[in-house]
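A.B. asks: pasted the sequence and its predicted model underneath.
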Amino acid sequence: MIIGVPKETYPGEQRVALIPATLPSLKKEGMEVQIEAGAGVASGYPDDAYAEKGGTIVSSRAQLFEAAQIIAQVRLLGANPEQGKIDLPLMQPDQIIVGMADALANPHGVRELTTRRVRAFAMELMPRITRAQSMDVLSSMGTVSGYKAVLLAANALPKMAPMLMTAAGTVAPAKIFVIGAGVAGLQAVSMARRLGAAVEAYDVRPSVKEQVLSLGAKFVDLPLDTQDAEDKGGYAKAQDETFYQRQRELLTKVIASNDVVITTATVPGKKAPVLITADMVAGMTPGSVIIDLAAERGGNCELTQANQTVVAHGVTIIGTENLPSLVPYHASQMYSKNIATFLFHLVKKGELKIDREDEITNGTLLTCDGDVVHPQIRDILDPSASKGEEK
């Protein structure tokens, strides 16, 4: 069983799907790894490192796709809508394509994959069950994003984070507010606390309050009805505009009293909710910083511009997308572990076994035999079809 690892083509993407250290364990399960020349260089893994661990370096991308039964990538076509199309002619019928596909937000990218009759798996759709934890790429990459967000904030803030008592006087700690206490948010809280900041956090899901408190931060309670704020997978659910309007009103004072606001609120497959309006930004102290981790989904701040740093009313708003790619060495290490564990799930002693009844396989499989087979993606592409079936 040959696993092919091509070089990522998405602009600015520095991660790689598998790192050298993972190769020996894959080989024990009957998987040989071929790597496109230079695939790991940007993340700190040179070709020689792969060769030392038993990998084969391939100079031709076409040759790699032709030889491999499984292609492991960071970004599949849906998550790489422009450059990803270059790989379509290289794909083989029944070839396994594994990676992040951004399937809920870009289902048309999934449909394009059906033209090549490949079997595509979306790692971001991994079910949140106990035995899939080591395959959860959203948690892995969220950890990196939360870490990097605090460093970006500290770099842009004209203050130091910790309280310092010096001969020149006492320096008050910076105040950092994190909106959204998922994996990225909790990591941001933890990192901000390590820097010595005074940290507050808020989430629509009351269940995360204990986790926030355990990290030494204050949890901001808002008088809102949040009984229907969490789905079965543990993700925050989209709310109506009336809810968000009331939420913004209650958050205004909290945001104005903080030096840094880090927003992480996203709803899978949908535009990010606007939690900070232009008026709320105007109410912040000049020199304050907003780090918007939802920039790729439209942003939690009304003034966020994707991949841009904007200064408005003296407030710096950073909308950098793809923060994990800014820490490519360890982001790739974590992603590689997720991918390798998933490959162990699919391949036993060199033999591919796709069990459509398995929750992990069924939850991540997008396409098979020229069709979109994932129910949720199929419904997005053709809502009338599911309604017809119900009738």
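C.D. replies: Here it is on my side, so go on. Since we're looking at a predicted model, the values are computed, not measured.
A.B. asks: which elements pack onto the helix or strand where E66 lies?
C.D. replies: E66 belongs to helix 61-67 when assigned by DSSP states H and E. On a contact count with 3 or more CB pairs under 8 Å, 6 or more residues apart in numbering; DSSP states H and E, helix 61-67 meets strand 2-5, strand 32-36. Backbone N, C-alpha and C define where each C-beta goes, glycine included.
A.B. asks: how far does the last one sit from its chain's centre?
C.D. replies: Going back to what we said before, that points to strand 32-36. A distance of 25 Å separates the C-alpha centroid of strand 32-36 from that of its chain, computed with CA atoms, centre = their mean, to the nearest Å.
A.B. asks: packing partners of the following helix or strand past the helix holding E66?
C.D. replies: For helix 61-67, the following helix or strand on the C-terminal side (DSSP H and E) is strand 70-75. Where contact means 3+ CB pairs under 8 Å, 6+ apart, strand 70-75 is packed against strand 2-5, strand 96-100, helix 328-346.
A.B. asks: separation between the closest residue to V208 other than its chain neighbours and R128?
C.D. replies: Nearest in space to V208, with sequence neighbours left out and distances taken as CB to CB, 6 or more residues apart in numbering, is A181 at 4.2 Å. Look at A181 and R128: by CB to CB, to the nearest Å, they are 16 Å apart.
A.B. asks: who wins for proximity to A172 among the helices and strands packed on strand 70-75?
C.D. replies: Shortest distance between A172 and the helices and strands packed on strand 70-75, using CB to CB, is found for helix 328-346: 32.3 Å.
A.B. asks: tell me which residues touch L352, please.
C.D. replies: L352 makes contacts with M1, Q69, I70, I96, L346, as judged by CB atoms under 8 Å, 6 or more residues apart in numbering.
A.B. asks: near K53, how many other residues are there?
C.D. replies: 18 (other CB atoms under 10 Å).
A.B. asks: so which residues of the stretch 51-200 of the chain form strands?
C.D. replies: 56-58, 70-75, 96-100, 119-122, 164-166, 169-171, 175-179, 198-202 (DSSP state E, counting those that start in this stretch).
A.B. asks: the longest one vs helix 328-346, what angle?
C.D. replies: In this case it means strand 70-75. Angle, strand 70-75 to helix 328-346, by axes from the mean of the first three to the mean of the last three CA atoms, to 10 degrees: 140 degrees.
A.B. asks: who does strand 70-75 pair up with?
C.D. replies: If you go by DSSP bridges, strand 70-75 pairs up with strand 2-5 (parallel), strand 96-100 (parallel).
A.B. asks: any idea of the mean pLDDT for it?
C.D. replies: On average, the pLDDT along strand 70-75 is 98.
A.B. asks: on that earlier part again, for N258, find the nearest of the helices and strands packed on strand 70-75.
C.D. replies: Of the helices and strands packed on strand 70-75, nearest to N258 by CB to CB is helix 328-346, at 27.6 Å.
A.B. asks: related to what we said a few turns ago, neighbour count winner among A181 and R128?
C.D. replies: Neighbours per residue (other CB under 10 Å) separate A181 from R128, with A181 holding more: 26 against 15.
A.B. asks: what sits against that one?
C.D. replies: For A181, counting by CB under 8 Å, 6+ apart, the contacting residues are V189, A201, Y202, D203, R205, V208, Q211, V212.
A.B. asks: now do K209
C.D. replies: D203, F219, D221.
A.B. asks: so what's it scoring on pLDDT?
C.D. replies: Looking at K209, its pLDDT is 93.
A.B. asks: after the host helix or strand of it comes which helix or strand?
C.D. replies: For K209, the enclosing helix or strand under DSSP H and E is helix 209-214. Next along the chain after helix 209-214, taking DSSP H and E as the criterion, comes strand 218-219.
A.B. asks: can you pull the pLDDT of A229?
C.D. replies: 60.
A.B. asks: before we move on, what about R246?
C.D. replies: On the pLDDT scale, R246 gets 86.
A.B. asks: helices and strands around the helix or strand it falls within, which ones?
C.D. replies: Secondary structure from DSSP H and E places R246 in helix 241-256. Counting contacts by 3+ CB pairs under 8 Å, 6+ apart, helix 241-256 packs against strand 175-179, strand 198-202, helix 278-282.
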